[in-house]
Every structure is written in structure tokens, then in C-alpha cells.
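1. Mind looking at a prediction? Sequence and model below.
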Amino acid sequence: MNKKVALVTGGGRGIGLGICEKLAADGFDLVLSGRSDASKVSDAITALEALGAQVLYCAGDVSSADDRAAMLDQIQNRFGRLDVLVNNAGVAPKVRADILDATEESFEWVMKINLQGPYFLTQACANWMIEQKSADESFAGCIINVGSISATVVSPNRGDYCVSKAGLGMMSSLFAARLGEFAIPVYEIRPGIIKTDMTSGVTEKYDNLIDNTELLVEKRWGLPEDIGKLAAAMARGDMPYATGQVVYVDGGLTLSRL
């Protein structure tokens, strides 16, 4: 029996790698995509292969229609199937700018990578999954979107990022509704403060907030493996009858408290 195949965009580092590690341990073969050259993720690929996964790396930009098409062609040629899509790749604005000063160029760049690219990648993967379901009723596909608490928690100095993640939330709901007839669940994970290279520049700020304020209920940084464990449960089918659900992994940051 062929192993299930999961595509994780931005899977070579950070949250994406944390997800890949858990999926590999669960017996998935993996496709990682990213804008970096393959040499930059060779250590990650070696570690995933040591967990038993066959790994394909597709270098490309999720915001490029040509790159997305090439990536799916590579997956078809290597594995001939796709069972799970994890839309994880994303960027923060290059400059944190007050929304009264932010530029259209920054907005367009963030939106193309964080929302437009995942939207049309999901469209393409969903159609492929529908074809697989039509050919084999036992096929069990799954789509997982990695959003952010910034979908609902405002940061006026990075409005473009917040809007992109709010849009990803609606995208999750739309595809969950549309794919229900094909029994393809769609889930969204909204991480909070996660220790990755993306947050390395604000480590001191959040160390102080975590240690000296009531920002979090669980007073620690989140880790990529925290996201990975949940994503793996979704991919395994351990969240039946729950399509369209949003799960916050934020240590209680967004929990309403008095």
C-alpha cells in the first residue's frame, strides 16, 4: 500500500518543519516547498528521511502560478498522489509600518504570498483530491491552513499581515463548505507566539511579556512541535465531524479573561 503524501509549503523550517517532523513520524511521505535553494534545507530533509519519509523538495514561490503548477507536476511524477495539503508558507511585512504610512507595495507582496498563493494552490489541490476521490471512494484527503491569531488580534503596525490572515480564515471556511460533498475536511490552526526564526527579532520583547505580564495563560513560548502535533492529528483523521473548525494554539493569549 502506498503511503499517504502531504505537501507542506514552507516546510523546511520553523512551524512548517515542526509539522513535517510529526507527519513523518506518523508515516507520511512529504513534499516540502519553499523559495530557498534545496541546499538550504538539506539538513531538514536528511532528518525527515531518518524518520522514514520519502521527501521531495520543490523550490518555488507559492505566489507564482507557474511555480505552483510546476510543483504539482513534480508531485504527480514522484508520488502520483496527494492526500494532505498544509498551507503554511507565509511572510511578515519587510517593514513594520503604521497603517497610516504603510505602502501598497508591501500590502501586495504580503497578500500574494499569504493569501492569493494559498487560495489558488488550494483550488488546484482540491480539484486533484476530488479526482482521486472519484477514482477511489476510500481516498481521505485533508486541507490544513496555518493562519495566525493576527486574524482577530490587531497589530496596527503590520496591518497587511493581519488582513492576509483574516482573509485566510474566510478562505478556510469557503473551502470547508465547498468540499463537504467530497468528504474532504478543511481545518485552520491559528498559532500565537511561536519560537521560530520569524520571531527571533522580537525575542526580548516577548520574553518580557511572557515573564512579567498576564499576556499568556500558559507562560511559555509556543514551539513548532506544538503546531505539528495538532496538524498531524488533523491529517490522520483524528478530528472527524469537525470540518471548518479553527483551533487556536496560543497558550491562552486570546482567551477572554477579567
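-> Ah, there it is.
2. Okay, helices next: where are they in the stretch 101-250 of the chain?
-> 104-111, 117-135, 159-178, 203-212, 224-236 (DSSP state H, counting those that start in this stretch).
3. Need the winner for burial among the ones you listed.
-> helix 224-236 (a mean of 22; mean count of other Cβ atoms under 10 Å). Where C-beta positions appear, they are placed from N, C-alpha and C, glycine not excepted.
4. Could you tell me what pLDDT the model assigned to the most centrally placed residue in the chain?
-> Residue closest to the mean C-alpha point of the chain, counted by Cα atoms, centre = their mean, is residue 88 at 2.0 Å. Looking at residue 88, its pLDDT is 98.
5. Could you check how far it is from residue 225?
-> Distance, residue 88 to residue 225, by Cβ to Cβ, to the nearest Å: 14 Å.
6. Let me see the contact set for the residue nearest to residue 237 when sequence neighbours are not counted.
-> The shortest distance from residue 237 to any non-neighbouring residue, by Cβ to Cβ, 6 or more residues apart in numbering, is to residue 140 (6.1 Å). Counting by Cβ atoms under 8 Å, 6 or more residues apart in numbering, residue 140 touches 83, 183, 237.
7. which among those residues end up buried?
-> Among the contacts of residue 140, the ones that count as buried by 16 or more other Cβ atoms under 10 Å are residue 83.
8. Which parts of the stretch 1-150 of the chain are strands?
-> With strands called from DSSP state E, counting those that start in this stretch, the stretch 1-150 of the chain shows them at 5-9, 29-34, 55-59, 84-87, 142-146.
9. Starting from the longest one, tell me which strands it pairs with and how they run.
-> What it means is strand 29-34. Sheet pairing of strand 29-34 (DSSP bridges) gives strand 5-9 (parallel), strand 55-59 (parallel).
10. Out of the strands of the stretch 1-150 of the chain, indicate the one that is most buried.
-> Among the strands of the stretch 1-150 of the chain, highest average neighbours (mean count of other Cβ under 10 Å) belong to strand 84-87, with a mean of 28.
11. For the residue lying closest to residue 215 once chain neighbours are set aside, give its distance to residue 93.
-> Take residue 215 and drop its neighbours on the chain: the residue closest to it by Cβ to Cβ, 6+ apart is residue 209, 4.7 Å away. Separation of residue 209 from residue 93 (Cβ to Cβ): 21 Å.
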